[in-house]
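[1] Quick one: sequence plus predicted model below, questions after.
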Amino acid sequence: MPVFILHGVILNFLYAAQHELSHSTVFHTRWINEAFGRAIGFLMFYPRDFDQLQHFAHHRYTQDWARDGELGRPRFTLASFILWMLGPTYWYTRIRRILRFSAGIVSEHYLRDSEKPGLIREARLHLAGYAAVLVLSLALPSWAAVIYWLAPLVLTKCAHQMQNTMEHFGLTHADDTLSNTRSTRTGPFFRWIGWEHAVSHRASHLPGGTLPRPSRFASRDRRAHRQRAADHDLSRLPMGGAAGVVRRSQRGRLSRR
C-alpha cells in the first residue's frame, strides 16, 4: 500500500514536469519539450496543446474570473470543493473535455478559432490512444494499465490537489501575483516533485530548478512599492530648497536598500 500511494503521488505530480515542458524550460530543443509534454499529457488525461493554451491564459490573467483559463468553473460550495479535492469532479472534467473536443465542441472563451481544429485533432488522437490501450489490455489480457497507471493516478489525486488548489485558493482576485498567488513551504520530497509556484508566475521563462527564492522577488517589489509611495508623498513639493533635498535623499536611501 505505501508503494502504491507513493507511485500514485509521483504520477500525479508529473504535472510539474508538464508545466515546465509547456514553458519549454526543460530542454534547449523545443520539439523535445513538446514530445515529452505530449507523453505526460496522455498519461494525465490532459492534452498538451490544450493545457499550454489554458495555462498561458492563466498566467496572463491570473485570478481574473472572466479571463483566467483555469477558472472556468462555478465558485466552490463546500460539497463541490470536497469532490474537487478528492478527485471525482477533477477527473470528470478532464475526461468530459476530451470527449467534447473529440466531438468537435470547443467552447472555451480564451481559445481562438484558429486554435480549435488542432485541439480537436489532439483530443481525437488521445481518445484513439486510450481505446488502443483498452483493446490491448483486453486482448492480452492484462491489468497492467489499471495497476500501474489508472488506479494509482485516480486514487491518489487528493495529494496533488492539496498543492494544486492552495496555489491561488482563498487569495485576492487583484492583478498582482504577490497577492493572488502563493508558494508553499513544505518538505524535501514535495520540493523535489514541485516548486515555488509564486516565483514561476513572476519568472515563467526560467526552469523550475533555477527559480530564485520568493523572498528575492518580494524584497524587490517591496523596494519598488516604497519608492512609489515616497514619490507620491513628496510629489507635490517643489524640488528647490529643503523639500528637494528631502526628496532626493529619500530616493537615494530607497535605492540602496
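    It's in.
[2] where in this structure is pLDDT low?
    Scanning the chain for pLDDT under 70 picks out 195-257.
[3] Which helix or strand lies directly C-terminal to whichever helix in the chain runs longest?
    Counting by DSSP state H, the longest helix found in the chain is helix 116-139. Proceeding N to C from helix 116-139, the next assigned helix or strand is helix 144-145, under DSSP states H and E.
[4] Give the other helices and strands that the next helix or strand after that next one contacts.
    Moving toward the C-terminus from helix 144-145, the next helix or strand (DSSP H and E) is helix 151-155. In terms of contacts (3 or more CB pairs under 8 Å, 6 or more residues apart in numbering; DSSP states H and E), helix 151-155 is packed against helix 2-12. All C-beta atoms are positioned from the backbone trio N, CA, C, and that covers glycine.
[5] hang on, the earlier thing: run through the neighbouring helices and strands of the longest helix of the chain.
    Helix 116-139 is packed against helix 30-43, helix 48-60, helix 88-102, helix 144-145, with contacts defined by 3+ CB pairs under 8 Å, 6+ apart.
[6] and W84, how many residues sit next to it?
    Using other CB atoms under 10 Å, the number of residues around W84 comes to 21.
[7] Would you list the phi and psi of it?
    phi -70, psi -40 (degrees, to the nearest 10).
[8] so what's it up against?
    Contact analysis of W84 by CB atoms under 8 Å, 6 or more residues apart in numbering lists 76, 90, 161, 165.
[9] ditto for Q63
    71, 168, 171-175, 180-181.
[10] So which of the helices and strands packed on helix 116-139 is the most surrounded?
    Compared across the helices and strands packed on helix 116-139, helix 48-60 shows the largest average neighbour count, a mean of 19 (mean count of other CB atoms under 10 Å).
[11] now that helix, how far from the centre of its chain.
    Relative to the centre of its chain, helix 48-60 is centred 8 Å away, using CA atoms, centre = their mean, to the nearest Å.
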